[in-house]
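J.: A predicted structure for the sequence below; I have some questions about it.
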Amino acid sequence: MKNSYYTSIIVLIVLTILFITKSEAQGFKKLDKAPHDITYYRESKVTKPLVKVLYGRPTFHGKGEVFGSKVPYNELWRTGANEATEIKIFKDVLIGNKLVSAGSYVLYTIPGEDEWEIIINSNTDVLGAFQYNPDYDIAKIKVPVGKAEKMNTFSIDFKKIKNNNIIMVFAWGTTRVRVPMHFNEQEHYAIAFDE
């Protein structure tokens, strides 16, 4: 009787361990250290977006500058972390002096000390810059580098300048890169008034 009791306990323990191991194997991956974020540019809260960027947000708490050390100068960069940064353009736009048709693209950069090269590429759904193919380049422009207060996490945002002109801003460390964008027509919308 005792042997049967102990055997049942041992079988129960073994089954519990197998169940726990199998359950953990079906679990999700750990949280990413560089989560993905989305930033939009819209004329107002009631208009459709004109631009959407999906990108990984790496963080750097070290001393010194990010660019030139963590991210080397004069090398192709995925403009964020993990998957290649994607940019969706909802209406044709001039980026610098290059016309880019509405569509989805990958946004690569080549950081430099004084200027960056911005590359819009049509080969989407790629990992980082490993699958970059220049045959798919749609536009390339060069923009100057600026400086501002230090930011530990890479960020992309948009600022309206005037009329149909906006800038897409990349910020990390003390580096600021401003990419000029011009839409030919603004989104027009009506404001509803309560009667």
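T.: Yep, it's here. Residues are numbered from 1 along each chain as shown.

J.: average model confidence for the lengthiest strand in the chain?
T.: Among the segments of the chain that qualify as a strand by DSSP state E, the longest is strand 137-162. Per-residue confidence for strand 137-162 averages out to 94 on the pLDDT scale.

J.: Measure how far that strand is from the centre of its chain, please.
T.: In terms of CA atoms, centre = their mean, to the nearest Å, the centre of strand 137-162 is set 13 Å apart from its chain centre.

J.: what packs against the helix or strand following that strand?
T.: The element immediately downstream of strand 137-162 (helix or strand, assigned by DSSP states H and E) is strand 165-183. Using 3 or more CB pairs under 8 Å, 6 or more residues apart in numbering; DSSP states H and E as the contact criterion, the neighbours of strand 165-183 among helices and strands are strand 49-56, strand 93-95, strand 115-121, strand 137-162. In short, each C-beta sits where N, CA and C put it, glycine included.

J.: quick check: angle from the longest one to strand 165-183?
T.: So that's strand 137-162. Angle of strand 137-162 versus strand 165-183, following axes from the mean of the first three to the mean of the last three CA atoms, to 10 degrees, is 130 degrees.

J.: buried set for strand 137-162?
T.: Going by neighbour count (16 or more other CB atoms under 10 Å), the buried part of strand 137-162 is Asp137, Ile138, Ala139, Lys140, Ile141, Val143, Val145, Met151, Phe154, Ile156, Phe158.

J.: for those residues, which one is nearest Ile118?
T.: When the buried residues of strand 137-162 are compared for distance to Ile118 (CB to CB), Ile141 comes out closest, at 5.2 Å.

J.: so what's that closest one up against?
T.: Ile95, Gly96, Asn97, Lys98, Glu117, Ile118, Val179 (CB atoms under 8 Å, 6 or more residues apart in numbering).

J.: Show me what the residue nearest in space to the middle of the chain is bridged to.
T.: When the chain is reduced to its mean C-alpha position, the closest residue under CA atoms, centre = their mean turns out to be Tyr55, at 0.9 Å. For Tyr55, the beta-bridge partners are Asp37 (DSSP bridges).

J.: Asp37 is in contact with that one, correct?
T.: Yes - here Tyr55 reaches Asp37: they are 6.3 Å apart, a contact under CB atoms under 8 Å.

J.: sorry, back to before: of the contacts of Ile141, which is the nearest to Glu75?
T.: Comparing the contacts of Ile141 against Glu75 with CB to CB picks out Glu117 as the nearest, at 10.8 Å.
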